[in-house]
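Student: Mind looking at a prediction? Sequence and model below.
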Amino acid sequence: MFGEFFQPHRVKSAGLLDIQDFDISKGGMAALLTKSGFLYTWGDNKNGQLGHGDTDPRGTPEIIETLKSKKITQIALGHKFTIVLGMTLPMKLFSNPNRKSPTRSSSTLGNK
């Protein structure tokens, strides 16, 4: 998985994707946005910050299935969260849904 490597390394499975943007967090996760608007995430996922609906870590880029019908245009990663902006998705924040803080809860703002 992402955190198992202490040296930078090539993620071979990402080589086939038409990459528009990517981001890496200090929290041990990464996100990759394709030119088609699909979002792939991998790495640490203790707080559900990868957006896959669970807390299982991912060792390689995995598409976020719930966002496949959306056109994502921007991504940003924090220590334990992912922010996604797009044409059909004003804002999506992936984090721990059990926390009470509004900036750390899993929510969709704007149109669904």
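Tutor: Received it, and whenever you're ready, just let me know what you need.

Student: is it true that Leu39 touches His52?
Tutor: No - using CB atoms under 8 Å as the test, Leu39 is too far from His52 to be in contact (10.6 Å). All C-beta atoms are positioned from the backbone trio N, CA, C, and that covers glycine.

Student: Can you tell me the number of residues neighbouring Ala76?
Tutor: Look at Ala76: counted by other CB atoms under 10 Å, it has 13 neighbours.

Student: what's the closest non-adjacent residue to it?
Tutor: Using CB to CB, 6 or more residues apart in numbering and skipping residues adjacent in sequence, the residue nearest Ala76 is Ile83, 4.5 Å away.

Student: and that neighbour, what element?
Tutor: For Ile83, the host element (DSSP states H and E) is strand 82-86.

Student: partners of that strand in the sheet?
Tutor: Strand 82-86 has the following strand partners under DSSP bridges: strand 72-77 (antiparallel), strand 91-94 (antiparallel).

Student: what's the least confident stretch among these?
Tutor: Per-stretch mean pLDDT for the strands paired with strand 82-86 is lowest at strand 91-94 (a mean of 59).

Student: So which residues of this protein form helices?
Tutor: Secondary structure of the chain (DSSP state H): no helices present.

Student: which sections of it are below the confidence cut-off?
Tutor: Along the chain, the parts satisfying pLDDT under 70 run over 1-15, 88-112.

Student: Neighbours of Lys26, how many?
Tutor: 9.

Student: for Ile63, same thing?
Tutor: Ile63: 15 neighbours (other CB under 10 Å).

Student: just the strands in this protein please.
Tutor: 19-24, 29-34, 39-43, 58-63, 72-77, 82-86, 91-94, 107-109 (DSSP state E).

Student: From the contact counts, what lies against the fourth one?
Tutor: Read it as strand 58-63. Secondary-structure packing of strand 58-63 (3 or more CB pairs under 8 Å, 6 or more residues apart in numbering; DSSP states H and E): strand 39-43.

Student: buried residues in the strand it packs on?
Tutor: 39-43 (16 or more other CB atoms under 10 Å).

Student: what angle do that strand and strand 82-86 make?
Tutor: For strand 39-43 against strand 82-86, the angle by axes from the mean of the first three to the mean of the last three CA atoms, to 10 degrees is 170 degrees.
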